[in-house]
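>>> predicted coordinates and the sequence they were generated for:
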2 protein chains.
Amino acid sequence: MNAIVQPRLEMWFDFASPYSYLAMERIHALAEPAGVRVALRPFLLGPIFRDFGWEQTPFRLFPKKGAYMMRDVARLAAKYGVPFREPTEFPRMGVLASRIALLGQDEPWGPAFCRAVFRENFEHDRDLQSPATLAPLLARLDLPAVLVEQAGRDEVKQALRRQVDRARERGVFGAPTFFAGDEMFWGNDRLEDALEWARGHASPRA
Amino acid sequence: MNAIVQPRLEMWFDFASPYSYLAMERIHALAEPAGVRVALRPFLLGPIFRDFGWEQTPFRLFPKKGAYMMRDVARLAAKYGVPFREPTEFPRMGVLASRIALLGQDEPWGPAFCRAVFRENFEHDRDLQSPATLAPLLARLDLPAVLVEQAGRDEVKQALRRQVDRARERGVFGAPTFFAGDEMFWGNDRLEDALEWARGHASPRA
């Protein structure tokens, strides 16, 4: 006899990515009524872009595209009712926050932590690497301050590098990227289609 | 006294662009009930990509992105109910067809001609430069065969070059690109938002 497994959608994201922010603001509210479980997968876009020979985000390499992107994100944020202020640092370094997010990616506190980090970047325009940002953020979420130290351990650094390798192996070239099983969807614009795909293709298990 | 001018949306496109094909299949059916007038603006992406230092479409320069794009277009085509076959030549040369489209861009036959050319590329996988494709296409639409000759005249070649220059000046970096007044929207994904913007911002005229 087969039982239907709950549909599941992975979201791969980088804290510097404005479209990842928009998707993070929306995914849980859309996934819950659809009965889809969300798995958050923080990674870093920098090494992926370097594979393309880009030493920078394409939004800086191609300034026309960068200017358009900020305007596009502002318009979408207004449409979604999501706060947005163009960060004074872009792309903003978020390695420490990504390591903490990795520790929490399958923990109940993961989503709230990720949403809060994105807000620091795209609503409050704060330095994500600074203890002055992360310490109060953890406190507000009732999370232990020691997470910052834990995130600095070698095994966590290596785990984040392995996560980037997995992204590369799966063909990820931007963020956010969603996976419903092996089906890949790129961009905040595909969140609805990805959820629909996850619902329609929930794998039966023996 | 002010009179409201009918809202107007420009669509800038390249016949080689799969997302331009999807948008061309959809735009008139969406614009008409919305009361928005569509202005088609054929141009060539090649010279724009060369401004970025790309001697090729990014979909060939970055094969991961190219593979994903074809999958994405196939999924969207299925969702929209639009026929799609991956062309055996990509990107397909469409300069001659673009020149004819330029001659027709403000003529009543323009939209039907453009839709037919896109279908040759993305439904029937036919060479767009060949008289064996264009002659029967013009005949089917009751258009004069002499358009092919007219499109080869120097002034038409120059007019297409000027159209590319205008695209560049307006900040176009990909296709399709929509303009509602000066507001720019990039990509088939933004067609609905662009139409909404055009409706909401119709310029009053004295």
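Nice, thanks for sending it over. Numbers count the residues shown, from 1 in each chain, chains lettered A, B, ... in the order given.
>>> sec struct for the closest residue to chain B within chain A, please.
Closest to chain B within chain A is A:Asp189: 4.5 Å, counting by C-beta to the nearest C-beta. Any C-beta I mention is one placed from the backbone N, CA and C, and that applies to glycine too. The local conformation at A:Asp189, judged by DSSP: H, G, I helix; E, B strand; the rest coil, is helix.
>>> grab the nearest non-local neighbour of it.
Nearest non-adjacent residue to A:Asp189, counting by C-beta to C-beta, 6 or more residues apart in numbering or on different chains: B:Asp189, 4.5 Å away.
>>> and A:Leu22, by the same measure?
Per C-beta to C-beta, 6+ apart, closest to A:Leu22 is A:Asn188, 4.6 Å.
>>> please apply the same query to A:Met93.
Using C-beta to C-beta, 6+ apart and skipping residues adjacent in sequence, the residue nearest A:Met93 is A:Gln129, 5.3 Å away.
>>> ok, the one you found - how many residues close by?
Residues near A:Gln129, counting by other C-beta atoms under 10 Å in any protein chain shown, number 13.
>>> who in chain A is up against chain B?
A:52, A:62, A:64-65, A:67-68, A:71-72, A:75, A:79, A:171, A:173, A:184-187, A:189-190, A:193 (C-beta under 8 Å from any C-beta of the partner chain).
>>> isn't there a strand covering A:Tyr21?
No. Under the criterion used here (three-state DSSP), A:Tyr21 is helix, not part of a strand.
>>> so it touches A:Asn121, yeah?
Yes. If you go by C-beta atoms under 8 Å, A:Tyr21 and A:Asn121 touch, sitting 7.0 Å apart.
>>> between these two, who's got more neighbours?
Using other C-beta under 10 Å as the criterion, A:Tyr21 and A:Asn121 rank with A:Tyr21 on top: 29 against 26.
>>> ok, now how distant is that one from A:Val164?
19 Å (C-beta to C-beta, to the nearest Å).
>>> A:Ala151 now?
16 Å.
>>> wait, A:Met70 touches A:Arg60, no?
No. The criterion here is C-beta under 8 Å, and A:Met70 misses it with A:Arg60 at 11.5 Å.
>>> so A:Phe179 sits in a strand?
Yes. A:Phe179: assigned to a strand according to three-state DSSP.
>>> contacting residues for it?
A:9-10, A:12, A:170, A:185 (C-beta atoms under 8 Å, 6 or more residues apart in numbering or on different chains).
>>> then A:Pro58?
Neighbour list for A:Pro58: A:49, A:65-66 [criterion: C-beta under 8 Å, 6+ apart].
>>> let me know the closest of those residues to B:Leu147.
Using C-beta to C-beta, A:Lys65 is the member of the contacts of A:Pro58 that lies nearest B:Leu147, at 35.2 Å.
>>> one step back: test my guess that the residue of chain A closest to chain B contacts B:Asn188.
No. Using C-beta under 8 Å as the test, A:Asp189 is too far from B:Asn188 to be in contact (9.6 Å).
>>> so which of the two has more stuff around it?
Neighbours were counted for A:Asp189 and for B:Asn188 using other C-beta under 10 Å; B:Asn188 has more, 26 against 17.
>>> CA-only coordinates of stretch A:74-91 in PDB, if you can.
Extracted in PDB, the C-alpha atoms of stretch A:74-91 (Å, rounded to 0.1, in the frame of the first residue of the first chain):
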ATOM      1  CA  ALA A  74      10.600  48.100  -5.100                       C
ATOM      2  CA  ARG A  75       7.500  47.800  -7.400                       C
ATOM      3  CA  LEU A  76       7.000  44.100  -6.400                       C
ATOM      4  CA  ALA A  77       7.500  44.900  -2.700                       C
ATOM      5  CA  ALA A  78       4.800  47.600  -3.000                       C
ATOM      6  CA  LYS A  79       2.500  45.100  -4.800                       C
ATOM      7  CA  TYR A  80       3.100  42.500  -2.100                       C
ATOM      8  CA  GLY A  81       2.900  44.900   0.800                       C
ATOM      9  CA  VAL A  82       6.400  44.100   1.900                       C
ATOM     10  CA  PRO A  83       8.700  46.800   3.300                       C
ATOM     11  CA  PHE A  84      11.700  47.600   1.100                       C
ATOM     12  CA  ARG A  85      14.600  50.100   1.300                       C
ATOM     13  CA  GLU A  86      17.500  49.800  -1.100                       C
ATOM     14  CA  PRO A  87      20.500  48.700   1.000                       C
ATOM     15  CA  THR A  88      23.400  51.200   1.100                       C
ATOM     16  CA  GLU A  89      25.700  48.200   0.800                       C
ATOM     17  CA  PHE A  90      24.900  45.800  -2.100                       C
ATOM     18  CA  PRO A  91      25.500  43.000  -2.200                       C
END
